[in-house]
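Undergrad: below is the structure, and that's it, no one-letter string:
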């Protein structure tokens, strides 16, 4: 567990983040209006390799993301430390989904269903 915590912190710093004052184990990165944030992890444009937006039922869009290996490692560490907890997925300041972490996220491809407006913002940024 100590190695996983170290790797998470190291990836956090590589992603441009840092810890909250008081040493809380949270990666904090200043976000931009169209960036996607998964829990405390913000994906900068150079960490997202592919974005695909597909219309889905109910006027929403399914956004497929392929993230860099480094971002995937950070997401894996985040998910390992948040098992059983709820995390928000946001685009800028808009929460588009809240999910309960059931297992570690160990791949580079993600699909997030959200309303059309934040999906369009993501497609424009990445």
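TA: Done, it's in. These figures come from a predicted structure and were not determined experimentally.

Undergrad: bridged to the residue nearest the centre of the chain, which residues?
TA: With distances taken as Cα atoms, centre = their mean, the residue of the chain nearest its centroid is residue 38 (3.0 Å). Applying DSSP bridges to residue 38 gives these bridge partners: residue 41, residue 89.

Undergrad: might one say that it is in contact with residue 76?
TA: No - using Cβ atoms under 8 Å, residue 38 makes no contact with residue 76, being 11.5 Å away. The C-beta positions use only the backbone N, C-alpha and C, and glycine is treated the same way.

Undergrad: for residue 50, what are its contacts?
TA: The contact partners of residue 50, by Cβ atoms under 8 Å, 6 or more residues apart in numbering, come to 64-66.

Undergrad: could you report the separation of it from residue 37?
TA: Separation of residue 50 from residue 37 (Cβ to Cβ, to the nearest Å): 18 Å.

Undergrad: rewinding a little: so which of the contacts of residue 50 are in strands?
TA: Cross-referencing those against strands under DSSP state E gives 64-66.

Undergrad: any idea which of those has the most stuff around it?
TA: Ranked by neighbour count (other Cβ atoms under 10 Å), the ones in strands among the contacts of residue 50 have residue 65 at the top, with 21 neighbours.

Undergrad: so it makes contact with residue 119?
TA: No - assessed by Cβ under 8 Å, residue 65 is found out of contact with residue 119, at 11.0 Å.

Undergrad: quick one: secondary structure of residue 8?
TA: Here residue 8 is recorded as helix under DSSP: H, G, I helix; E, B strand; the rest coil.

Undergrad: in stretch 119-126, which residues are buried?
TA: 119-122, 125-126 (16 or more other Cβ atoms under 10 Å).

Undergrad: ok now it, how far from the chain's centre?
TA: Offset of stretch 119-126 from its chain centre (Cα atoms, centre = their mean, to the nearest Å): 14 Å.

Undergrad: right, I'll call it a day here.
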